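In: structure of the sequence below:
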Amino acid sequence: MRHFGLIGRKLGHSFSAKFFNGKFAAEQIDADYQLFELETIEQLPQLLTSLHIDGFNVTIPYKESVMRYLDEITK
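Out: As a prediction, this is how the structure comes out:
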């Protein structure tokens, strides 16, 4: 199974998990989508080493501050 998610601070309002998990089920994709609330972006490395995450979206307030943790950035 592949694991995806959304990283942000307050995610209770997010519809992303319901949307993506429904899409995965409808298309019979062996994957799940979770919400990962982080108090600070500095918690990201610990999250990534403690869980296997294949990919994630980033929302406010970490859209820009997450860039320092990326290996490369393209336009």
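In: in the chain, which spans are helices?
Out: Per DSSP state H, the chain carries helices over the ranges 16-26, 44-50.
In: just the CA trace of the last one, in PDB.
Out: It stands for helix 44-50. The C-alpha coordinates for helix 44-50 follow below in PDB (Å, rounded to 0.1, in the frame of the first residue of the first chain):
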ATOM      1  CA  LEU A  44       8.600  17.300   9.400                       C
ATOM      2  CA  PRO A  45      11.900  15.400   9.400                       C
ATOM      3  CA  GLN A  46      10.700  13.300  12.400                       C
ATOM      4  CA  LEU A  47       7.400  12.600  10.700                       C
ATOM      5  CA  LEU A  48       9.200  11.500   7.500                       C
ATOM      6  CA  THR A  49      11.600   9.200   9.400                       C
ATOM      7  CA  SER A  50       8.900   7.700  11.600                       C
END
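In: could I get the buried residue list for it?
Out: Buried residues in helix 44-50, counting neighbours by 16 or more other CB atoms under 10 Å, are found at L44. For every residue, glycine as well, the C-beta is placed using N, CA and C.
In: same for that helix, what does it pack against?
Out: Using 3 or more CB pairs under 8 Å, 6 or more residues apart in numbering; DSSP states H and E as the contact criterion, no helix or strand is in contact with helix 44-50.
In: same question for it, mean pLDDT?
Out: Averaged across helix 44-50, the pLDDT comes to 96.
In: can you show me the strands along the chain?
Out: Counting by DSSP state E, the chain has these strands, from start to end: 2-8, 31-37, 55-58.
In: please consider this matter closed, and thank you.
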